[in-house]
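Participant: Sequence and predicted structure are below.
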Amino acid sequence: MACMPTTVSTNVVYTARAAGNEAAALVNAVLGNIIGIFITPLWLGLFLNVEGVAPYGDVLVELSYTIIAPLIVGQLMQYITPTVVAWIKKHINTANVSSFCILLLVWATFCNTFSNGSTKQVPGRDVAATVFLGVALFFLFLAVSFLVAWPPPPVTALRRVLRLSRADVVAVVICGSTKTVALGVPLINVMYKQV
């Protein structure tokens, strides 16, 4: 998981809900995933000691229609039909809809894992170790992200140089501590089919 790029929708939704810098979270997510297409295979090759060919073109096309196209459509809708957008914002809690969609994604992934028999091939202690390491890595990245965005008193000069507002710190902490499997799993599956 440490090799994977940052999440997209979760970062933006959680940053917005925590009154963070939503624009910075979106830019971080999009750039992180585009850069992650190239960096993730290098990290995986280094850590797993295997070689594979990354399908850069396919992943860029998929990112284009799953991230960039909806972003452009949303921006065009706000520009072309501002009254419709205002009505939607007034009558529909889009933050709850986003959270519900994320919950559905997690549920679908969970169900798919059990329905295809993946869990029968892995011993229970390996699952427990993976969960423990995942949680530990999350909290490690969370702490490191916070310390980078809001340095402790011995290095407060760095805090003045960075000049991060509270909203920026929220975005850094959320974006720095989360990882995605939505890009990582397909990339791994395509690159390392034969392994």
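Facilitator: All right, it came through fine.
Participant: and Thr119, what is it in contact with?
Facilitator: Going by C-beta atoms under 8 Å, 6 or more residues apart in numbering, Thr119 touches 113, 127. All C-beta atoms are positioned from the backbone trio N, CA, C, and that covers glycine.
Participant: tell me the SS of it?
Facilitator: helix (DSSP: H, G, I helix; E, B strand; the rest coil).
Participant: Relative to Asn112, how far out is it?
Facilitator: Distance of Thr119 to Asn112, computed by C-beta to C-beta, to the nearest Å: 11 Å.
Participant: so how far is Gln78 from the spatially closest residue to Met77 that is not a sequence neighbour?
Facilitator: In this structure, Met77 finds its nearest non-sequential neighbour in Val85, 5.9 Å apart by C-beta to C-beta, 6 or more residues apart in numbering. Distance from Val85 to Gln78, counting by C-beta to C-beta: 5 Å.
Participant: What of Ala24?
Facilitator: For Ala24 relative to Gln78 (C-beta to C-beta), the value is 19 Å.
Participant: The two: which is more packed in?
Facilitator: Taking other C-beta atoms under 10 Å, Ala24 and Gln78 do not tie; Ala24 has more neighbours (19 against 13).
Participant: what about the helix or strand harbouring that one, average pLDDT?
Facilitator: Per DSSP states H and E, Ala24 falls inside helix 22-48. Averaged across helix 22-48, the pLDDT comes to 79.
Participant: Name the residues of it that are buried.
Facilitator: 22, 24-26, 28-30, 32-34, 36-37, 40-41, 44-45 (16 or more other C-beta atoms under 10 Å).
Participant: Farthest-apart pair in these, please.
Facilitator: Greatest spatial distance in those: Glu22 and Gly45, 34.2 Å, computed using C-beta to C-beta.
Participant: so how far is Thr81 from the residue lying closest to Val170 once chain neighbours are set aside?
Facilitator: Residue nearest to Val170 in three dimensions, not counting chain neighbours: Gly20, with 3.0 Å by C-beta to C-beta, 6+ apart. Applying C-beta to C-beta, the value for Gly20 to Thr81 is 28 Å.
Participant: Among these two, which residue is more densely surrounded?
Facilitator: Gly20 (24 against 12).
Participant: What backbone torsions are found at that one?
Facilitator: Torsion angles at Gly20 (phi, psi; degrees, to the nearest 10) stand at phi -100, psi -180.
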